[in-house]
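Peer 1: sequence below, structure please.
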Amino acid sequence: MRSITHSAFGAVAIIAVLAACGAPSITPKVSPATPTASDSPRPTATPNTCSNASVLASWTLNQLAEQTLVIPVSETDVTSITAEIEAGAGGIILFGSTAPTNLSEVLKTLTATAPGGIAPFVMTDEEGGAVQRMANLVGSIPSARSMGATMTPGQIQQLITTSAKKMRAAGITMDLAPVLDLDNGDGPNNEDPDGTRSFSLNASTTTVDAAAFAAGLTAGGVTPVMKHFPGLGQATANTDVNPATTLPWTTLERAGLLPFESAIAAGTPAVMIADAVVPGLSTLPASISPNVITGELRHQLGFQGLVMTDSLSAGALVDIGYNVPKAVVAAITAGADMVLYTAAAASVASLTNSTVAAVVAAVGGGTLDRSRLENAVGHILSVKHVDLCAA
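Peer 2: Residues are numbered from 1 along each chain as shown. This is a model prediction of the structure:
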């Protein structure tokens, strides 16, 4: 086993993540005992065997497929995806740079249309610096590099807690942050995906500061997502634009992987997978690689939380022959639970429909096991704190 220190993430983040995200405890339903004669032993009550897994076994393939999708939408036009939310999409990702002041009310109306009362995650990329979607509502956040160089972990946590409370008030339930990659480049730009989005090239600094950022989100009621596993720092290109490779796997094991190992050991709820190939570990982009997701993240590191992809519309996938439906099937087959993609507003409905159809067809054709799809939705509902057996 690799030698790493878990205390940094544990001390700052584990209590906050596990406590603040927790759902109310549910008392298992118990069948009443059958009346018996006074001289007969009283039978032991039989626990109800209902579970999320048993209920998901009765869901249609369309229901399961829809829940794995995160629908892209402009934060100024969220009602345009009402049909997708009514169909059961599992998440929404907001794009833009200035959010409307009534965003909370609009999102509340939209998410109320979700079937079965299972609200979608409402996601944004609120990292700070060059990547902020709603600074007008939550306040300006310095870049990760600036925070890493000028702020203590305590100061980072305090700042992000304040921002996260404002995010939550605006209807945001999940932030696709913090970035755990190690990078000291000039990006983000078309060549360097990280740059100032990285806290530091130093693994210890990034581990502690990212833990503080995640703890701040959790304290503010927003679920953090650690990205981009297993480490996109110093990649050969920006995967949004072109195919790219990370540093070699043996190099990542010594540094770039360490912040993720610490976060996973501390109980982080969600991890995002990079779209880059990992030399020595994968020949496919990590987001569609069983070796990365199932082999390393699930089996080797024991991560039991929610696995999300980076955008499957990225050039890193398109340029090697994967359109969104094909990439989604490959990602879920490889072990991902939720999938992200982008599209022009006019194309979102058709792309979403074709993606759902591709997932359903993959199960019908035997290339994707239904059990893998049910497992994916199980992870999603767990982080949403949804109990399908609750009255």
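Peer 1: check contacts around residue 277.
Peer 2: 243, 244, 245, 246, 283, 284, 285, 286 (C-beta atoms under 8 Å, 6 or more residues apart in numbering). Every residue, glycine included, has its C-beta placed from N, CA and C.
Peer 1: can you lay out the residues you listed as CSV showing distance to residue 346 and secondary structure?
Peer 2: Output for those, formatted as CSV (distance: C-beta to C-beta, whole Å; DSSP: H, G, I helix; E, B strand; the rest coil):
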residue, distance to residue 346, secondary structure
243, 27, coil
244, 29, coil
245, 34, strand
246, 34, coil
283, 35, coil
284, 31, coil
285, 27, strand
286, 31, helix
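Peer 1: surely residue 108 meets residue 171?
Peer 2: Yes - if you go by C-beta atoms under 8 Å, residue 108 and residue 171 touch, sitting 6.4 Å apart.
Peer 1: those two: which is more packed in?
Peer 2: residue 171 (22 against 12; other C-beta atoms under 10 Å).
Peer 1: state the distance from the more buried one to residue 137.
Peer 2: Look at residue 171 and residue 137: by C-beta to C-beta, to the nearest Å, they are 10 Å apart.
Peer 1: what does residue 254 give?
Peer 2: Counting by C-beta to C-beta, the gap from residue 254 to residue 137 is 40 Å.
Peer 1: who's more crowded, the two?
Peer 2: Set residue 254 next to residue 137 and count neighbours by other C-beta under 10 Å: residue 137 wins out with 21 against 11.
Peer 1: tell me the buried residues in the helix or strand residue 204 falls within?
Peer 2: Using DSSP states H and E, residue 204 maps to helix 203-219. Buried positions in helix 203-219, judged by neighbour count with 16 or more other C-beta atoms under 10 Å: 203, 205-219.
Peer 1: how many residues are close by the closest residue to residue 228 other than its chain neighbours?
Peer 2: Setting aside the residues directly before and after it, residue 228 is nearest to residue 274 in space (C-beta to C-beta, 6 or more residues apart in numbering), at 3.7 Å. As a burial measure, residue 274 scores 28 neighbours (other C-beta under 10 Å).
Peer 1: I'd like the numbering to begin with 731 instead of 1 from here.
Peer 2: All set: I'll call the first residue 731, so the last point we hit is now residue 1004.
Peer 1: any idea how far residue 1004 lies from residue 1015?
Peer 2: Taking C-beta to C-beta, one finds residue 1004 at 8 Å from residue 1015.
Peer 1: now do the shared contacts for the two.
Peer 2: Both residue 1004 and residue 1015 are in contact with residue 969, where contact means C-beta under 8 Å, 6+ apart.
Peer 1: test my guess that the residue nearest to residue 958 contacts residue 1014.
Peer 2: No - the criterion here is C-beta under 8 Å, and residue 1004 misses it with residue 1014 at 11.7 Å.
Peer 1: and residue 1031, what does it touch?
Peer 2: 990, 991, 994.
Peer 1: next secondary structure after the helix or strand of the chain with the lowest mean pLDDT?
Peer 2: None of the helices or strands of the chain scores lower by mean pLDDT, DSSP states H and E than helix 745-750, at a mean of 40. Next along the chain after helix 745-750, taking DSSP H and E as the criterion, comes helix 782-786.
Peer 1: coming back round to it: from the contact counts, what lies against the helix holding residue 934?
Peer 2: The contact analysis (3 or more C-beta pairs under 8 Å, 6 or more residues apart in numbering; DSSP states H and E) places helix 933-949 against helix 737-739, helix 745-750, helix 874-880, helix 883-899, strand 953-954, helix 988-995.
Peer 1: helices of the stretch 981-1121 of the chain, start to end?
Peer 2: Taking DSSP state H, counting those that start in this stretch, the helices of the stretch 981-1121 of the chain run over residues 988-995, 1020, 1045-1048, 1054-1064, 1078-1095, 1100-1114.
Peer 1: how close does the residue nearest to residue 1113 when sequence neighbours are not counted sit to residue 940?
Peer 2: On the basis of C-beta to C-beta, 6+ apart, the spatially nearest residue to residue 1113 that is not a chain neighbour turns out to be residue 1036, at 4.7 Å. Distance of residue 1036 to residue 940, given as C-beta to C-beta: 17 Å.
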